[in-house]
Structures are given as structure tokens and as C-alpha cells.
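> Sequence and predicted structure, then a few things I'm wondering about:
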Amino acid sequence: MISGKITHFGRYVFQDAHMKKAQQFLLETNWQNIERKTHVIQGEDIYMMYHEDVLKPLEEGIFEVYERYVDIHITVLGMNFIRSTEGINLENITAYDAEKDLQLGTYHGPAYTDSYLEDGFFACYAPGEAHLVNTTPRDGQKVGRFILKVKVE
């Protein structure tokens, strides 16, 4: 997991061609003015969805983990919260859905990282890094975020 200010995303070096293109897109995008909708950057290899929700209580959340895609969350409204752990830590895990590249599960152990991401910050999750989204340990608030999906090889 990598997190930080979106303007610092250029500090990281990626070998994967799709990640290089995604990095360029992230650094060149005006996050205050981009239309809040789905954006297709390179077909199914690189695309971005917009979500705006009121965060639920932490106990209602479920972890998600992917095998083929990197998930990059970019906050553009409010204070987003994401808890992460290694996918191998998940319990009660669902069967892998190849079409959605997704497994879901729970985790109540001590090995996790909490990230609070304000407007202009990102968190990047590689395949196998589980993350709990749309929840918060605080009072729920409205959060707007883009999720950039990058297929890696």
C-alpha cells in the first residue's frame, strides 16, 4: 500500500506499462475540475469510477481484494477512511469472482493499517492487498472519491 498527496505520486517508479500510463494520468489531471463520472483511459486496462457515499460504521464493512488490478483511491470530497491488511489475513472469504476480479472477506486481527485521506490524497493497493472501504470508526460523513483501476501484468 502506498498513500500520500496525489501531487507526490510522481515520486514512485513503476515497471508496468499500465501503471506508468496511470501515473501520468493521475499527475496531469485537475482533480478539482474533473467531471464526477466514469472515465475510460485505456479500455478495460485503465479506467476510473466515481463514488460518493456517506461512510458506514466500521463494523458494517467488508474487505475487498483483487488479483489482476491495482486499486488507486483518490479523495476529492471529505475525509475518506480505508483500513488495509494482507489478503492472506482475510477470514470468511468468498470464492474468487474472475469476472469482477474480486474476493470479499472479514478480518478482526491486529495486523492492519488505517489511512485517513483528505481531499487531494490517494491510497494505492496492489493485487493481494485487502482494503476495507466505505466505512469509518468516526461519525459517518459524505465522501467523494475516484477509484482508478489499473490492470497489471
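Received, thanks.
> excluding its backbone neighbours, what's nearest Glu60?
Leaving aside its sequence neighbours, Glu60 sits nearest to Thr135 (CB to CB, 6 or more residues apart in numbering; 6.4 Å). All C-beta spots, glycine's among them, are computed from the backbone N, C-alpha and C.
> Who does that neighbour form a beta bridge with?
With DSSP bridges as the criterion, the beta-bridge partners of Thr135 are Lys56.
> Show the pLDDT at it.
For Thr135, the pLDDT comes out at 95.
> any idea how far it is from Arg36?
Distance, Thr135 to Arg36, using CB to CB, to the nearest Å: 21 Å.
> between these two, which one's more packed in?
Counted by other CB atoms under 10 Å, Thr135 and Arg36 do not tie: Thr135 has more neighbours, with 19 against 12.
> who touches that one in this structure?
Contact analysis of Thr135 by CB atoms under 8 Å, 6 or more residues apart in numbering lists Leu55, Lys56, Pro57, Leu58, Glu60, Gly61, Phe81, Arg83.
> Tell me if the last one really is in a strand.
Yes - under DSSP: H, G, I helix; E, B strand; the rest coil, Arg83 sits within a strand.
> shouldn't it be in contact with Asp114?
Yes - taking contacts as CB atoms under 8 Å, Arg83 lies within contact range of Asp114: 5.3 Å.
> Look at those two and report which has more neighbours.
Arg83 (19 against 12).
> Excluding residues flanking it in the chain, which one is nearest the residue positioned nearest the centre of the chain?
Among the residues of the chain, His73 comes closest to the average C-alpha position under CA atoms, centre = their mean, at 3.6 Å. Take His73 and drop its neighbours on the chain: the residue closest to it by CB to CB, 6+ apart is Ala123, 4.9 Å away.
> Quick check on the contacts of Thr135: which are buried?
For those, a burial check counting by 16 or more other CB atoms under 10 Å picks out Leu55, Gly61, Phe81, Arg83.
> How about the contacts made by the first one?
In other words, Leu55. Leu55 neighbours (CB under 8 Å, 6+ apart): Asn80, Phe81, Asn134, Thr135, Thr136, Gly140, Gln141, Val143.
> What is the neighbour count of the fifth one?
Applying the criterion other CB under 10 Å, we find 22 residues in the vicinity of Thr136.
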